[in-house]
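> generate a structure from the sequence data that follows.
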Amino acid sequence: MTAETTRLPDHGIGAQLRNLFGDGFPWISAGILVGVILLALIGPMVSPWQPGALDLRSAFQPPVWAGGAWSHPLGTDNLGRDILSRIIAGTRVSVIVAFWAILLSGAIGTIIGMIAGYFGGWADTIIMRLVDMQLSIPPLALALILAAVLDPGLQAVVIVITVTYWSWYARIVRGEVLSLREREYVALARIAGCGPLTIFARHLAPNIVNTLLVLATLQVGQVIIFEASLSFLGLGIQSPDISWGVMLADARGYITNAWWAITMPGVAIMLTCLASNLFGDWLRDVLDPKRKQL
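So this is what the prediction gives:
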């Protein structure tokens with residue numbers, strides 16, 4: 001007689017990792033995002049040329065697959081600057097802007113949204129009317145107004161995007177807190193004498209982290225496009241500093257005879273935005289318990 005062994009379900013770290021990195025994990029998107037972050041960190045070490053180095057004799061060299069040389073695999077621009085090196089240098093600007101803009105706008109919007117949702121009353125009314133007013137203004141129009149007032153540069157871009165996006169976080173967080181404040185553990189915390197700051201830190205903030213992570217991931221692409229748009233219009237990063245938007249602005253006059261100069265930074269923007277959106281969609285599905293049951 002053969003004794004049957006009952007296999008117990010594996011609930012350890014290995015099982016959690018298998019569930020997390022299963023068949024639905026967006027490996028390509030994650031790889032692109034990791035590559036962008038690595039280029040931002042070690043870009044100067046792997047860049048084949050100095051991003052601002054001029055070589056007029058090598059101007060308008062096409063990419064290597066279009067008859068160019070391997071010394072400039074993505075070609076050169078009108079001043080002979082290596083496009084690959086400039087894309088790598090622009091990666092750092094995009095990552096810095098995305099990190100600080102999302103961190104600041106998320107922090108401000110989260111605090112304001114938690115105050116509005118938890119206290120309600122006149123605080124909620126005033127805050128949400130301000131949010132409605134800002135959301136009624138097209139984001140790019142508001143950004144152009146703010147950028148025109150501030151001195152162009154990296155700091156101005158971060159401030160503009162922060163002021164533009166905090167209201168998105170405030171509205172979403174407020175909706176989450178309106179539901180959470182009615183839970184029993186929040187009521188018990190009030191009865192136990194916990195103050196608002198304690199309730200915010202221990203009971204509300206941990207329950208909205210998943211929502212904030214998804215929103216932040218989805219906004220990476222939007223922030224990068226915003227920075228590129230401002231720089232393209234001359235209200236963001238300024239030459240000789242390098243960003244993908246600056247590269248687009250510099251190459252727009254040569255699109256007919258040097259298509260690669262404007263196409264390559266455009267492809268970098270497209271791939272990064274697409275990767276962040278796909279990764280954010282996957283993260284939303286993983287962190288939303290309702291979607292797990294479907």
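> from now on I want contacts and neighbour counts done on CA atoms only, so please keep to that.
Fine.
> any idea how far the residue lying closest to Asp55 once chain neighbours are set aside is from Ala143?
Take Asp55 and drop its neighbours on the chain: the residue closest to it by C-alpha to C-alpha, 6 or more residues apart in numbering is Gly80, 4.5 Å away. To Ala143, Gly80 is 33 Å away according to C-alpha to C-alpha, to the nearest Å.
> when these two are compared, which one has more neighbours?
Each of Gly80 and Ala143 has its neighbours counted (other C-alpha atoms under 10 Å); Ala143 has more, 23 against 19.
> quick check: the more buried one vs Gly236, distance?
10 Å.
> what does stretch 31-41 rub up against?
Contacts with stretch 31-41, where a contact means C-alpha atoms under 8 Å, 6 or more residues apart in numbering, come from 88-89, 91-93, 95, 271-272, 275-276.
> for Arg252, which non-adjacent residue is spatially closest?
Closest residue to Arg252 apart from its sequence neighbours, by C-alpha to C-alpha, 6+ apart: Ile262 at 6.5 Å.
> should've said Trp49
With C-alpha to C-alpha, 6+ apart, the residue lying closest to Trp49 is Ser85, at 5.8 Å.
> which element is the one you found on?
Assigned by DSSP states H and E, Ser85 falls within helix 83-119.
> give the buried residues for that helix.
83-98, 100-102, 104-118 (16 or more other C-alpha atoms under 10 Å).
> likewise stretch 275-292?
275-281, 283-284, 286.
> give me the element Asn210 is part of.
According to DSSP H and E, Asn210 maps onto helix 205-232.
> what angle separates the very next helix or strand once past that helix from helix 83-119?
Downstream of helix 205-232, the next assigned helix or strand under DSSP H and E is helix 244-251. Counting by axes from the mean of the first three to the mean of the last three C-alpha atoms, to 10 degrees, helix 244-251 lies at 140 degrees to helix 83-119.
> report all helices and strands that the helix or strand following helix 244-251 contacts.
Note on helix 244-251: by DSSP H and E, the next helix or strand toward the C-terminus is helix 259-287. Judged by 3 or more C-alpha pairs under 8 Å, 6 or more residues apart in numbering; DSSP states H and E, the packing partners of helix 259-287 are helix 27-46, helix 83-119, helix 205-232, helix 244-251, helix 289-292.
> those helices: lowest mean pLDDT?
Here the lowest mean pLDDT among those goes to helix 289-292, at a mean of 55.
> closest one of the contacts of stretch 31-41 to Ala156?
Nearest to Ala156 among the contacts of stretch 31-41 is Val93, at 12.8 Å by C-alpha to C-alpha.
> burial count for the closest residue to that closest one other than its chain neighbours?
Nearest residue to Val93, sequence neighbours excluded (C-alpha to C-alpha, 6+ apart): Ser243, at 6.0 Å. By the criterion of other C-alpha under 10 Å, Ser243 has 28 neighbours.
> run the chain-centre distance for stretch 277-287.
13 Å (C-alpha atoms, centre = their mean, to the nearest Å).
> so for that stretch, mean pLDDT?
87.
> circling back to that earlier point, and the next element down the chain from the helix holding Ser85?
helix 121-135.
> list the buried residues for that following helix?
Neighbour-count burial for helix 121-135 [16+ other C-alpha under 10 Å]: 124, 127-128, 131, 134-135.
> show me the contacts for Asn277.
By C-alpha under 8 Å, 6+ apart, the neighbours of Asn277 are 217-221.
> neighbours around the residue nearest to Arg252, how many?
Residues within reach of Ile262, counting by other C-alpha under 10 Å, total 22.
> also Gly234?
So Gly234, with other C-alpha under 10 Å, has 18 neighbours.
> dump the residue contacts of it.
So Gly234 contacts 152, 246 (C-alpha under 8 Å, 6+ apart).
> can you check the one 5 residues further on too?
For Ser239, the contact set (C-alpha under 8 Å, 6+ apart) comprises Val246.
> how much space between it and Leu130?
Relative to Leu130, and taking C-alpha to C-alpha, Ser239 is found at 36 Å.
> quick one: Leu74 is in a helix?
No. Leu74 is assigned coil when assessed by DSSP: H, G, I helix; E, B strand; the rest coil, not a helix.
> my guess is the residue nearest to Asp55 meets Gly52, correct?
No. At 9.4 Å, Gly80 does not count as touching Gly52 under the criterion of C-alpha atoms under 8 Å.
> output the host helix or strand of Ala187 as PDB, nothing but the C-alphas.
If you go by DSSP H and E, Ala187 is part of helix 184-191. Taking only C-alpha atoms (Å, rounded to 0.1, in the frame of the first residue of the first chain), the coordinates of helix 184-191 have been written out as PDB:
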ATOM      1  CA  GLU A 184     -13.700  50.100  12.300                       C
ATOM      2  CA  TYR A 185     -10.000  50.300  13.000                       C
ATOM      3  CA  VAL A 186     -10.100  54.100  12.400                       C
ATOM      4  CA  ALA A 187     -13.100  54.500  14.800                       C
ATOM      5  CA  LEU A 188     -11.300  52.400  17.400                       C
ATOM      6  CA  ALA A 189      -8.200  54.500  17.000                       C
ATOM      7  CA  ARG A 190     -10.300  57.600  17.700                       C
ATOM      8  CA  ILE A 191     -11.800  56.000  20.800                       C
END
